[in-house]
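>>> here is a sequence with its predicted model. Questions after.
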Amino acid sequence: MEMESKMERGLKRGPKSTDDLISEVGSGGLGCFGWLLVILSSLFTAMLFPFTIWFCIKIVQEYERAVIFRLGRITDRKAKGPGIFFVLPCTDSFVKVDLRTVSFDIPPQEILTKDSVTVCVDGVVYFRVSDPISSVANVSNADFSTRLLAQTTLRNVLGTKNLAELLSDREGISHSMQASLDEATDPWGIMVERVEIKDVKLPHQLQRAMAAEAEASREARAKVIAAEGEMNASRALKEASLVISESPSGLQLRYLQTLTTIAAEKNSTIIFPLPMDMISHFMRK
């Protein structure tokens, strides 16, 4: 029972931070036997100086840092590098950490959206190591852990969105995923710089249904626009008829203008309009 309670308290406290680990190193120290080994290693290095110098000098590149362990404990709060640094043979070991930005593709994930639509979504994540000591001490494989967390985060975030939001608000979803990933990977010394949704694949039946819906919507808008055009044209013709009715000679001028247009385009056929007043005069007789 006491062991179980201790384990539960440890789980509630969560993983230790890098500062806690280094403070424990500074408070506990290496111990008497540890310091004895360090002194013996230093003496051995000094005695065989011309030869041991090649085992003590290490070099890391500009984009790398070295986390040094002395008898299994982290020696300093800051990683070494870039350039030359020294280690003691037999007691010191180091781990190289790459600080360059890493990008990887999130494998396509089948996700059930909020409105019960199954879609296949993939993306890309850009991240880099911001704290080399935390990336070595707090997680066994920071790169692999970040990849797994990105897949689960993609499922969790998109599961709260419906299909319309998924298709129209990709930028907002990317920012939400970036914030969630960055918060979760901060204890690992990982900073997520960017998350992008690459592609959203819909089922073929849903694509056909959406295409039919869009086509019907376009046809409805076309009919409404055509009806509005006919209504505006009828109003214009009504106003034109009122203007012409005020001047009887205006109708004759309109006849002559129409005749000029027809003669210019189709000169083989000529139509001569008769005034309506002349026809009405014969009809009275």
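Yep, that arrived. Residues are numbered from 1 along each chain as shown.
>>> I'd assumed A66 was in contact with D92.
No: the criterion here is Cβ atoms under 8 Å, and D92 misses it with A66 at 10.3 Å. C-betas here are computed from N, CA, C, even on glycine.
>>> can I get stretch 156-169 as PDB, trimmed to CA atoms?
Provided in PDB are the C-alpha atoms of stretch 156-169 (Å, rounded to 0.1, in the frame of the first residue of the first chain):
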ATOM      1  CA  ASN A 156      -8.100  15.500 -31.400                       C
ATOM      2  CA  VAL A 157      -8.300  19.000 -33.000                       C
ATOM      3  CA  LEU A 158     -10.200  17.900 -36.200                       C
ATOM      4  CA  GLY A 159     -12.600  15.800 -34.200                       C
ATOM      5  CA  THR A 160     -14.100  19.000 -32.700                       C
ATOM      6  CA  LYS A 161     -14.600  20.600 -36.200                       C
ATOM      7  CA  ASN A 162     -17.400  20.100 -38.700                       C
ATOM      8  CA  LEU A 163     -16.800  19.600 -42.400                       C
ATOM      9  CA  ALA A 164     -17.500  23.200 -43.300                       C
ATOM     10  CA  GLU A 165     -15.000  24.500 -40.800                       C
ATOM     11  CA  LEU A 166     -12.500  21.900 -41.900                       C
ATOM     12  CA  LEU A 167     -12.700  23.100 -45.500                       C
ATOM     13  CA  SER A 168     -12.800  26.800 -44.900                       C
ATOM     14  CA  ASP A 169     -10.800  27.500 -41.800                       C
END
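>>> which residues in the stretch 51-200 of the chain form strands?
Here the stretch 51-200 of the chain has its strands, by DSSP state E, counting those that start in this stretch, at 57-60, 64-70, 73-74, 83-86, 92-98, 102-112, 118-129, 190-201.
>>> partner strands of the fourth one and their direction?
Strands adjacent to strand 83-86 in the sheet, as given by DSSP bridges, are strand 57-60 (antiparallel).
>>> which positions in the partner strand come out as buried?
58, 60 (16 or more other Cβ atoms under 10 Å).
>>> outline the domain layout of this structure.
Listed domain ranges for the chain are 40-98, 101-206 (source: the TED database).
>>> got a markdown table for the ones you listed, with mean pLDDT too?
Shown next, in a markdown table, are these (pLDDT from 0 to 100):
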| stretch | mean pLDDT |
| --- | --- |
| domain 40-98 | 86 |
| domain 101-206 | 89 |
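>>> out of those domains, which is the most enclosed?
Neighbour counts (mean count of other Cβ atoms under 10 Å) averaged over each of these peak at domain 101-206, with a mean of 17.
>>> ends of that domain, what's the gap?
Chord length of domain 101-206, first to last residue, is 38 Å (Cα to Cα, to the nearest Å).
>>> next: stretch 44-62.
Separation of the first and last residues of stretch 44-62 by Cα to Cα is 31 Å.
>>> could you shift the numbering so residue one becomes 431, and keep it that way?
I'll keep to 431 as the first residue from here, and by that count the last item is stretch 474-492.
>>> how far is it from where the chain is centred?
Stretch 474-492 sits 47 Å away from the centroid of its parent chain (Cα atoms, centre = their mean, to the nearest Å).
>>> repeat that for stretch 500-519.
Averaging C-alpha positions (Cα atoms, centre = their mean) puts stretch 500-519 37 Å from its chain's average.
>>> what residues does it touch?
448-449, 451-452, 455, 460, 464, 467-468, 471-472, 474-475, 482, 485-499, 521-524, 527, 562-563, 567 (Cβ atoms under 8 Å, 6 or more residues apart in numbering).
>>> show me what contacts T475?
482, 486, 518-519.
>>> how does it look with 6 Å?
Residues in contact with T475, defined by Cβ atoms under 6 Å, 6 or more residues apart in numbering, are T482.
>>> where's it, which helix or strand?
helix 461-477 (DSSP states H and E).
>>> what do you get for A641?
Assigned by DSSP H and E, A641 falls in helix 634-676.
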